[in-house]
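Colleague: got a predicted structure here, sequence first:
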Protein chains: 2
Amino acid sequence: MRYAVLGTGAVGRALAGKLASLGHEVAVGTRDPEATLARVGADAHGNPPVGEWLADHPQVRLLAFADAAESAEVVVNATAGVDSLRALEAAGRDRLAGKILIDVSNPLDFSRGMPPHLDPVDTDSLGERIQRTFPEAKVVKTLNTMNAQIMVDPSRVPGAHDVFVSGDDDGAKKTVAQLLMSFGWPEESVIDLGDITSARGAEMVLPIWLRLMGSLGHLDFNFHIQSARPRA
Amino acid sequence: MRYAVLGTGAVGRALAGKLASLGHEVAVGTRDPEATLARVGADAHGNPPVGEWLADHPQVRLLAFADAAESAEVVVNATAGVDSLRALEAAGRDRLAGKILIDVSNPLDFSRGMPPHLDPVDTDSLGERIQRTFPEAKVVKTLNTMNAQIMVDPSRVPGAHDVFVSGDDDGAKKTVAQLLMSFGWPEESVIDLGDITSARGAEMVLPIWLRLMGSLGHLDFNFHIQSARPRA
């Protein structure tokens, strides 16, 4: 399959690297590839320069958002939540139409300091906003409830733990579930929360995730739904 | 210990019944005991009349909020979140001062239909509001992330699963952790999220909890934090 992964941060790199390692054709999308490549030194989150990462992943191309989306069959939004709608507008409505759009972002607003606030929250979600803004895309919210390394390597965390999917298109959710299984997620760990409005719940676990990171002192943890009955 | 459990719904009954079964002295608080006892037939949530429940629990007294709080060493807020501040005001500031106040409620507002909204949310929590309103009480938020039956009988759900505690007073959190262990919670399942502001995260899991209830088709499930490293 041909994937476009929008965003060059830790999440975009983890997903693009995994997809490429599975033999998919992967383009990473950024606003301005030349500017992205010109960066030297670690970014604000401690990630090494994108140029270094690309040198280690020669099969992955870095393209402008629109060029990455153009040739893709599936688009992954791994941009920061506050930038996602702008990045997707730059990718272009027509280039998203009819495609599966996997949204792994969180609408975290750090502008008022720590802890970050969620915007939107409770009565809306970023997943829904993306679906409303691009009604011809098939938006599936998933993977936003864990660290990037766990997304593509669930075995980092021992025992059973889960990944949620939300979306209006059952076929798109089925395709995304297959992709998650190819990442190493057991079928029974992929929990369908419902339509895209259920992205509210998935995004609203971020505040407890951030507190758990503080309590546990690391990022290698994930949620597991322990149930008294097997799932139907 | 002498407990006051404020609230006569399913949560209050589960907690009061468990506390009484463990040999504690328990008063259940309500706005107007005579009116509460006069109710016949199931309530809006399908619970049988309180009078029936009391007949099965002769060691539990039903008292007005203030009378229940008066003699208690520990007060449990098991009222509906939208009513909690009023109920606690009725219990009385002086009768809460210096006591552990266990808050198990959720600020769910059903007035605009389903799904309920959280109010407050994200930038504040009901746990914090209660602590601000009653600064001399030692508020510990806990147990609000699961069904009432699981709160007092964690073995209903097989395998490891967790209960969160949030609060500013470490001694109060330790006492509450002991109480949770007496309910059957293993020590390693009691996760301290931090100060009372971490109640935001615990309250904000309600939307995904409600979606999971829909996806799983039952209430007998709970969150487990699966971690790659043992907790410190």
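Modeller: Looks like it arrived, so ask away.

Colleague: does A:Asp169 touch A:Lys141 like I think?
Modeller: No. Judged on Cβ atoms under 8 Å, A:Asp169 makes no contact with A:Lys141 at a distance of 11.9 Å. C-beta: built from backbone N, CA, C; applies to glycine.

Colleague: where does chain A have low pLDDT?
Modeller: A:231-232 (pLDDT under 70).

Colleague: of A:Asp169 and A:Lys141, which one has the most company?
Modeller: A:Lys141 (33 against 17; other Cβ atoms under 10 Å in any protein chain shown).

Colleague: for that one, helix, strand, or coil?
Modeller: Recorded secondary structure, A:Lys141: strand (DSSP: H, G, I helix; E, B strand; the rest coil).

Colleague: and the gap between it and chain B?
Modeller: As judged by Cβ to the nearest Cβ, to the nearest Å, A:Lys141 and chain B stand 12 Å apart.

Colleague: which ones are touching that residue?
Modeller: Listed by Cβ atoms under 8 Å, 6 or more residues apart in numbering or on different chains, the contact partners of A:Lys141 are A:103-104, A:125, A:127, A:164-167, A:196, A:198-199, A:202-203.

Colleague: which of the residues you listed sits closest to B:Phe110?
Modeller: Distance to B:Phe110 across these (Cβ to Cβ) is lowest for A:Ser198, with 18.2 Å.

Colleague: isn't that closest one up against A:Thr142?
Modeller: No. When contacts are counted by Cβ under 8 Å, A:Ser198 is not listed as touching A:Thr142 (11.0 Å).

Colleague: what do the two both touch?
Modeller: By Cβ under 8 Å, 6+ apart, the residues touching both A:Ser198 and A:Thr142 are A:Phe164, A:Ser166.

Colleague: among the contacts of A:Lys141, which lie within helices?
Modeller: A:Gly127, A:Ala199, A:Ala202, A:Glu203 (DSSP state H).

Colleague: wait, doesn't the first one sit right on A:Val139?
Modeller: Yes. Taking Cβ under 8 Å as the definition, A:Gly127 is a contact partner of A:Val139 at 6.1 Å.

Colleague: shared neighbours, these two?
Modeller: With Cβ under 8 Å, 6+ apart, A:Gly127 and A:Val139 have common neighbours A:Asp103, A:Ile196.

Colleague: tell me the contacts of A:Pro186?
Modeller: Going by Cβ under 8 Å, 6+ apart, A:Pro186 touches A:Ala160.

Colleague: go on, the one 4 residues further on?
Modeller: Contacts of A:Val190 were listed using Cβ under 8 Å, 6+ apart, and they are A:Asp162, A:Val163, A:Val165, A:Ala177, A:Leu180, A:Met181.

Colleague: follow-up on the earlier one: and chain B, which of the contacts of A:Lys141 contact it?
Modeller: Near chain B, judged by Cβ under 8 Å from any Cβ of the partner chain, the entries from these are A:Phe164, A:Ser198, A:Ala202.

Colleague: how many neighbours does the first one have?
Modeller: To tie it back to what came earlier, the one meant is A:Phe164. As a burial measure, A:Phe164 scores 27 neighbours (other Cβ under 10 Å).

Colleague: do the second one as well
Modeller: The local packing of A:Ser198 (other Cβ under 10 Å) involves 27 other residues.

Colleague: which residue ranges of chain A form helices?
Modeller: A:10-21, A:33-38, A:50-56, A:65-70, A:84-91, A:93-96, A:126-133, A:148-152, A:170-182, A:199-203, A:206-216.

Colleague: centre of the chain to the longest one, how far?
Modeller: Shown here is helix A:170-182, whose average C-alpha point lies 14 Å from the average C-alpha point of the whole chain (Cα atoms, centre = their mean, to the nearest Å).

Colleague: go on, the first one?
Modeller: Counting by Cα atoms, centre = their mean, helix A:10-21 is centred 10 Å from the centre of its parent chain.

Colleague: just checking, what packs against it?
Modeller: Applying 3 or more Cβ pairs under 8 Å, 6 or more residues apart in numbering or on different chains; DSSP states H and E, one finds that helix A:10-21 makes contact with strand A:2-6, strand A:25-30, helix A:148-152.
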